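J.: Here you go, sequence then predicted model.
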Amino acid sequence: MRFKTLCLAAAGAAVLAASGLPAQAAEQYVPLLVYKSGPYAPNGIPIAHGWEDYIKLINARDGGVNGVTLVSEECDTGYNNDRGVECYERLKRPTAATFQPLSTGITYALIDRITEDKIPLFTSGYGRTSGSYGPVFPYVFTAPLTYWSGADIMVQYAKEQEGGSLEGKKIALVYHDSAYGKEPIATLERLAGEEGFEFHAYPVAHPGLEQKSTWLQIGRQLRPDWTFMWGWGVMNSTAVKEAAAVGYPMDKFIGIWWSGTEPDVLPAGAGAKGYKALGFHQPGSDLELLQDVLQHVYNGDEAAAREKGWGTVLYNRGLFSMAMEIEAIRAAQEIHGEGKELTGEQVRDGWETLDLTEAKLAELGLGDFTKPVKITCEDHEGGGQAFVQQWDGEQWNVISDWYSPNREPLVAAYKADALAYAKEKGITPRECN
């Protein structure tokens, strides 16, 4: 049946050619796993809008990717693992360019499926950290950074602020009690042994509204020198409010990049002033790419654009992650040919040659927005960097230089975890030459 369908399609194309009518332009399918409903919708919505608007921009401004129009279909996961799998099964097809699950839990649930289906899974700044090791995880990409990298950078920053030593200091971790929140624990335990600080972990149950006792323990009993947070959604704003209520110093409180957005601080009002978080791209609307979106997607209507989150941290992150996906498609076309729809397996080849240099980022309208990313067969993280930003009561301000994680021990840990997974699953790691 499939052979017959292909033959009919070829015959149709021949008829069009003979009649002088133009052949139908190629389309590339870009599935979208979103969550615009449920308790995490305030965070999921602006990212989804960033994705959607970047696709619209490429079609409107550039006529697609080398003449190939981008088409998308979305499914709302509600940030629920089971629904995430259902949405994947509903949207998957051999020509799906890439899936971005926007959830560490859904990522874990999909890894075996996407590997069997040969469709890339892009988990930008989240997901299974050891998915960065390409020989075991050929279809998982984690650029520009992982949670283990984020934990390493947080410790670097705290150590620098403490004059170069964390010996005898106390560091607490407040984390979402899920696969997401648990990701940095092993790295922080290792660093505690190496740097000589005490490490204390405090889980917070979904969705994160009940934290009063946690912050009483932290602020009144433990009194750590630094507190890190791996939160999402309402958990973040609740933590900031509770920390302020017990008088915990905000300048000693640092969130991961998913805990450093406007919805995380605005509900806390003045109490959030001084709170810090990591970032791997610049905040704000002073960005050439945003101006292109404003012109080509919103016809210059800034009010309409801002209703979609234009210029906010999460919207900008959506633009950036979709830009990386589209550039992977472009790189795959350079390998497999322009002007046609590619399979997910072919797009994977594009991911493994993705090289976002400073010049390329500037060309995309992302100059000074982030640091270069270069993915290889072995390294699916790509060498990203992060900075520390601080909330001044009205906006996020970058207050540090860019930090590179200490990659040698991290890469060794990625490889060890990935090889353990391969042994468990009976996977023979591929060779990367």
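T.: Structure received.
J.: How is this structure divided into domains?
T.: Following automatic domain parsing, one finds the domains of the chain at 26-145+284-384+412-425, 147-279.
J.: So for the longest one, first residue to last residue, what's the gap.
T.: End-to-end distance for domain 26-145+284-384+412-425, by CA to CA, to the nearest Å: 38 Å.
J.: Tell me how far it lies from the chain's centre.
T.: Computed by CA atoms, centre = their mean, to the nearest Å, the chain-centroid distance of domain 26-145+284-384+412-425 equals 8 Å.
J.: Shouldn't residue 330 be within a helix?
T.: Yes - assessed by DSSP: H, G, I helix; E, B strand; the rest coil, residue 330 belongs to a helix.
J.: give me the number of residues near it?
T.: Number of residues near residue 330 (other CB atoms under 10 Å) recorded here: 16. Heads up, the C-betas are built off the backbone N, CA and C, glycines and all.
J.: ditto for the one 10 residues further on
T.: When neighbours are defined as other CB under 10 Å, residue 340 has 14 of them.
J.: And for the one 4 residues further on?
T.: By other CB under 10 Å, 24 other residues sit near residue 344.
J.: Renumber starting at 25 from here on
T.: In the new numbering, first residue 25, that becomes residue 368.
J.: And it, how far from residue 378?
T.: 15 Å (CB to CB, to the nearest Å).
J.: cool, and residue 294?
T.: 42 Å.
J.: Look at those two and report which has more neighbours.
T.: Using other CB under 10 Å, the more surrounded residue of residue 294 and residue 378 is residue 378, with 23 against 8.
J.: Identify the residues contacting the more buried one.
T.: Residues near residue 378 by CB atoms under 8 Å, 6 or more residues apart in numbering: 167, 348, 351-352, 355, 397-399, 406.
J.: how about those in a markdown table, adding neighbour count?
T.: Formatted as a markdown table, the contacts of residue 378 follow (neighbours: other CB atoms under 10 Å):
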| residue | neighbour count |
| --- | --- |
| 167 | 26 |
| 348 | 25 |
| 351 | 20 |
| 352 | 25 |
| 355 | 20 |
| 397 | 23 |
| 398 | 16 |
| 399 | 26 |
| 406 | 23 |
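J.: Any chance of JSON lines for those, columns pLDDT, secondary structure and distance to residue 264?
T.: Putting the contacts of residue 378 into JSON lines (pLDDT from 0 to 100; DSSP: H, G, I helix; E, B strand; the rest coil; distance: CB to CB, whole Å) gives the following:
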{"residue": "167", "pLDDT": "98", "secondary structure": "coil", "distance to residue 264": "29"}
{"residue": "348", "pLDDT": "98", "secondary structure": "helix", "distance to residue 264": "30"}
{"residue": "351", "pLDDT": "98", "secondary structure": "helix", "distance to residue 264": "35"}
{"residue": "352", "pLDDT": "98", "secondary structure": "helix", "distance to residue 264": "35"}
{"residue": "355", "pLDDT": "98", "secondary structure": "helix", "distance to residue 264": "40"}
{"residue": "397", "pLDDT": "98", "secondary structure": "strand", "distance to residue 264": "30"}
{"residue": "398", "pLDDT": "98", "secondary structure": "strand", "distance to residue 264": "35"}
{"residue": "399", "pLDDT": "98", "secondary structure": "coil", "distance to residue 264": "34"}
{"residue": "406", "pLDDT": "98", "secondary structure": "coil", "distance to residue 264": "31"}
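J.: Among those, which one sits closest to residue 230?
T.: For these, the closest approach to residue 230 (CB to CB) belongs to residue 167, at 27.5 Å.
J.: And for the closest one, nearest residue in space, chain neighbours not counted?
T.: In space, and not counting its chain neighbours, residue 167 is closest to residue 406: 3.7 Å by CB to CB, 6 or more residues apart in numbering.
J.: ok now do that neighbour, which residues does it touch?
T.: 166-168, 378, 397-399 are the contacts of residue 406 under CB under 8 Å, 6+ apart.
J.: Pull the most distant pair out of the residues you listed.
T.: Maximum pairwise distance among those (CB to CB): 13.4 Å, between 166 and 398.
J.: mind exporting the host helix or strand of residue 174 as PDB, just the C-alpha atoms?
T.: Using DSSP states H and E, the element containing residue 174 is helix 171-185. What follows is the C-alpha trace of helix 171-185 in PDB, where atoms were taken according to Å, rounded to 0.1, in the frame of the first residue of the first chain:
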ATOM      1  CA  TYR A 171      21.100  20.500  35.300                       C
ATOM      2  CA  TRP A 172      24.400  19.000  36.400                       C
ATOM      3  CA  SER A 173      26.100  21.900  34.700                       C
ATOM      4  CA  GLY A 174      23.800  24.300  36.400                       C
ATOM      5  CA  ALA A 175      24.600  22.900  39.800                       C
ATOM      6  CA  ASP A 176      28.300  23.100  39.100                       C
ATOM      7  CA  ILE A 177      28.000  26.800  38.100                       C
ATOM      8  CA  MET A 178      25.900  27.600  41.200                       C
ATOM      9  CA  VAL A 179      28.600  26.200  43.400                       C
ATOM     10  CA  GLN A 180      31.300  28.100  41.400                       C
ATOM     11  CA  TYR A 181      29.400  31.300  42.000                       C
ATOM     12  CA  ALA A 182      28.800  30.700  45.700                       C
ATOM     13  CA  LYS A 183      32.500  29.800  46.200                       C
ATOM     14  CA  GLU A 184      33.600  33.000  44.400                       C
ATOM     15  CA  GLN A 185      31.300  35.100  46.600                       C
END
